[in-house]
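Everything below, folded, please.
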Amino acid sequence: MRGWWREIAGLVLPVACGGCGRPRTELCPECAEELTGTGPCRVRPEPEPAGLPAVHAAAPYAGAVREVLLAHKERGALALAGPLGGALAGAVEAAAGAVAGSGCGPLLLVPVPSSRRSVRARGHDPTRRIALAAAARLRRTGRDARVAPVLRQRRYVADQAGLGARGRLANLSGALEVVPGGARLLAAGSTTGNTAGPAAGTVVLVDDLMTTGASLAEAARALGAVRLSFISEIPHGLPAASAQHGFEQRAAAVIASSPASFEINRNSSRSWIVAGGER
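Below you'll find the model as predicted:
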């Protein structure tokens, strides 16, 4: 029934594939396949900013993947959040699996925040929307996953478009912070406060795209600045067996990253700056 309704709606309100423009489909099978590619893998920008956690990406930022991300982010193709969330879910699992001791505890997806003016201009928060879709996909596979939007911008951040690696780092330095009550929210989800209790969870930073890594590095710094010793419910911090202490960020996941960041040869002198626009 749902398929028939989409067919009828497509005649009245024409839709086209967000990746290639094929008519009467929001995302064609070929473009959907490009979102997952050969599977998520570890990616590294060049140069790699200090404090950047291990990042896993689902696909290179090129071709249909680039077009689908832009269609959702800038052109309001909100139906694409589902398949984008599926791609991000795979990257989240890969990122969490690479963290020693992550086990089968809950996954806490922490989106890199967009500025309020960007959300107003776009009419939605694309990263948070995709994170919610990713968490829903993970839960359908039996994994305990939830979104924890605990980061916010604490000062003005200029548009990132056109800035190089150094410019982006300077632009974002000290720009993010954990919202009031955010530390308790993370602590409640990432540990039981008892090493004999249920498995501790894993905090995974998530974003739609990694360019220079500046946004993820700053987000990791903000989480790492939280002092658990001041949280009354956890007077001694996280248990010694926990995978992450004081929210020291070790895992991040994105849908796409520059093709150069997928290269195995880290001695390459090439670097890519891709269009990401303002966060």
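
switch to C-alpha atoms for all contacts and neighbour counts from now on
Will do.

Which pLDDT value belongs to the residue nearest to V65 when sequence neighbours are not counted?
Leaving out its chain neighbours, the residue that sits closest to V65 by Cα to Cα, 6 or more residues apart in numbering is L35, at 5.8 Å. The per-residue pLDDT reported for L35 equals 93.

what comes up buried for the helix or strand hosting L35?
According to DSSP states H and E, L35 maps onto helix 29-36. Going by neighbour count (16 or more other Cα atoms under 10 Å), the buried part of helix 29-36 is C31, A32, E33, E34, L35, T36.

Reformat these as a markdown table; add distance to G201.
Below are those laid out as a markdown table (distance: Cα to Cα, whole Å):
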| residue | distance to G201 |
| --- | --- |
| C31 | 33 |
| A32 | 30 |
| E33 | 30 |
| E34 | 30 |
| L35 | 27 |
| T36 | 25 |
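
can you tell me which residues contact the closest residue to P23 other than its chain neighbours?
Excluding its sequence neighbours, the residue lying closest to P23 (Cα to Cα, 6+ apart) is A16, at 4.2 Å. By Cα atoms under 8 Å, 6 or more residues apart in numbering, the contact list for A16 reads R22, P23, R24, T25, E26, L27.

Now list the buried members of the residues you listed.
The buried subset of the contacts of A16 (16+ other Cα under 10 Å) comprises R24, T25, E26, L27.

Give the buried residues for stretch 131-144.
Neighbour count says stretch 131-144 has A131, L132, A133, A134, A135, A136, R137, L138, R143, D144 buried, by 16+ other Cα under 10 Å.

And for stretch 257-266?
Within stretch 257-266, judged by 16+ other Cα under 10 Å, the buried ones are S257, S258, P259, A260, S261, F262.

Can you lay out those residues as TSV showing pLDDT, secondary structure and distance to R184?
Below are the buried residues of stretch 257-266 laid out as TSV (pLDDT from 0 to 100; DSSP: H, G, I helix; E, B strand; the rest coil; distance: Cα to Cα, whole Å):
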residue	pLDDT	secondary structure	distance to R184
S257	95	strand	31
S258	92	coil	35
P259	92	helix	37
A260	90	helix	38
S261	91	helix	34
F262	87	helix	36
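
which strands and helices sit next to the lengthiest helix in the chain?
For the chain, the helix with the greatest residue count under DSSP state H is helix 81-97. Contact here means 3 or more Cα pairs under 8 Å, 6 or more residues apart in numbering; DSSP states H and E; on that basis helix 81-97 packs against helix 29-36, strand 54-60, helix 126-140, strand 202-210, strand 251-257.

quick one: which of these is nearest S115?
Smallest distance to S115 across those (Cα to Cα): 11.4 Å, for helix 126-140.

what separates the closest one from the chain centre, distance-wise?
Relative to its chain's centre, helix 126-140 lies at 10 Å (Cα atoms, centre = their mean, to the nearest Å).

tell me the strands in this protein, going along the chain?
41-43, 54-60, 107-111, 145-147, 151-153, 176-178, 202-210, 251-257 (DSSP state E).

neighbouring contacts of the fifth one?
Applying Cα under 8 Å, 6+ apart, the external contacts of strand 151-153 come out as 110-115, 175-179, 182, 219, 222.

Closest one to T127 out of the residues you listed, please.
P111 (6.3 Å).

neighbours around the closest residue to the closest one other than its chain neighbours, how many?
Counting by Cα to Cα, 6+ apart, P111 lies nearest to V206, which is 4.8 Å off, once chain neighbours are set aside. For V206, the count of nearby residues is 32 (other Cα atoms under 10 Å).

wouldn't V206 be in contact with A252 here?
Yes: counting by Cα atoms under 8 Å, V206 touches A252, with 5.7 Å between them.

for the stretch 51-200 of the chain, what are the low-confidence residue spans?
The stretch 51-200 of the chain contains residues with pLDDT under 70 at 100-104, 158-164, 167, 169-171, 173-174, 189-200.

and if we set it to 50?
Residue ranges of the stretch 51-200 of the chain with pLDDT under 50: 192-198.

which residues touch the residue nearest to L209 when sequence neighbours are not counted?
Of all residues not flanking L209 in the chain, A256 sits nearest, at 5.0 Å (Cα to Cα, 6+ apart). Applying Cα under 8 Å, 6+ apart to A256 gives the contacts A57, A58, A59, P60, Y61, V65, D208, L209, M210.
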